[in-house]
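Enquirer: Mind folding the following:
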Amino acid sequence: MKIAIHFHIFYEDLYSQVAECIKNIDEPYDLFISYVNEGSFLKKIITDFPNAIVSKVPNKGFDVGPFIDFINHLDLNKYTHIIKLHTKRNVPYYDYQNNFPIYNNLWRELLLNFIRVPANWQRTKRCFYNSKVAMVADGRLILYKGKKNEYRIFQEAVTYAKKHLLHLNKYPLFVAGTMFMSRADIFKSIQNKYTIDDFDVVKSHGTSLAHIFERLLGFCACTNGNTIVDFASTDNHL
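Expert: Got it, this is the predicted structure:
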């Protein structure tokens with residue numbers, strides 16, 4: 001494996017939690033960090049990850065816009081896998097994903113679960129022994145259409161997928177919150193098709209192009225029989 005990790009920092013106080021998870025990764029990787037506002041975490045990066053490539057980006061598209069910018073500048077042939085991370089905020093209200101209650105810091109904890117401890121990271125790696133596995137995350141956040149009030153976003157994402165000639169599975173999936181490990185090659189179909197400037201300046205957490213791309217990133221893994229799987233499912237370990 002040769003991994004490219006993209007870590008987007010918006011909430012500075014959450015930097016250390018994500019950084020500790022990255023330290024569980026025992027395969028060769030290059031770390032690319034993007035951030036919006038300068039802060040004390042920049043000094044911590046130098047200590048924690050002296051070889052990281054760090055860049056400031058505009059506050060557009062939440063964590064998804066910076067990820068698209070990262071993909072556009074990456075040689076996808078150089079890497080076998082990609083890990084996408086960001087400082088997911090606490091949810092200040094009760095929400096549900098897959099009928100599972102999400103509140104406070106739990107959404108972030110689940111998103112990070114696939115690398116949160118060394119044992120989880122080892123299970124995540126083993127999932128890719130199955131050649132049909134294109135993306136791995138916590139199964140409680142792997143969704144089909146999502147909530148009923150989000151079906152329109154799902155349909156718009158399907159339209160974008162068809163635009164890029166993606167041959168979607170019957171039930172394309174995505175990771176709610178977009179933290180995952182994936183094969184690197186799945187993003188070739190959208191590389192250099194969009195830029196961070198295509199995304200809106202972040203003002204609220206309402207529906208935006210970033211939410212459509214949250215689904216589209218998952219759809220890139222759900223083509224030609226490939227799929228997204230739960231890191232903890234032993235069925236995925238060949």
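Enquirer: now the helices: where do they sit in this protein?
Expert: Shown for the chain, the helices assigned by DSSP state H span residues 15-22, 41-48, 64-72, 106-112, 118-127, 151-163, 209-219.
Enquirer: Nearest to residue 189 among these would be which one?
Expert: Nearest to residue 189, of all those, is helix 151-163, at 8.7 Å by CB to CB. Bear in mind the C-beta positions are built from the backbone N, C-alpha and C, glycine included.
Enquirer: list the buried ones in the closest one?
Expert: 153, 154, 156, 157, 158, 160, 161 (16 or more other CB atoms under 10 Å).
Enquirer: Quick one: work out the angle between it and helix 209-219.
Expert: Angle, helix 151-163 to helix 209-219, by axes from the mean of the first three to the mean of the last three CA atoms, to 10 degrees: 60 degrees.
Enquirer: Pull the residues that contact helix 151-163.
Expert: Residues outside helix 151-163 that contact it (CB atoms under 8 Å, 6 or more residues apart in numbering) are 145-146, 168, 172, 174, 207, 211-216, 219-220.
Enquirer: where in this structure is pLDDT low?
Expert: In the predicted model, the chain carries pLDDT under 70 at residues 94, 147-149, 203-207, 234-238.
Enquirer: can you map out the strands along it?
Expert: Per DSSP state E, the chain carries strands over the ranges 3-9, 29-35, 53-56, 81-86, 91-97, 100-104, 133-137, 142-143, 174-175, 180-183, 227-230.
Enquirer: could these go into JSON lines alongside distance to residue 116?
Expert: Output for those, formatted as JSON lines (distance: least, CB to CB, whole Å):
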{"stretch": "strand 3-9", "distance to residue 116": "15"}
{"stretch": "strand 29-35", "distance to residue 116": "17"}
{"stretch": "strand 53-56", "distance to residue 116": "23"}
{"stretch": "strand 81-86", "distance to residue 116": "11"}
{"stretch": "strand 91-97", "distance to residue 116": "17"}
{"stretch": "strand 100-104", "distance to residue 116": "16"}
{"stretch": "strand 133-137", "distance to residue 116": "12"}
{"stretch": "strand 142-143", "distance to residue 116": "16"}
{"stretch": "strand 174-175", "distance to residue 116": "15"}
{"stretch": "strand 180-183", "distance to residue 116": "13"}
{"stretch": "strand 227-230", "distance to residue 116": "14"}
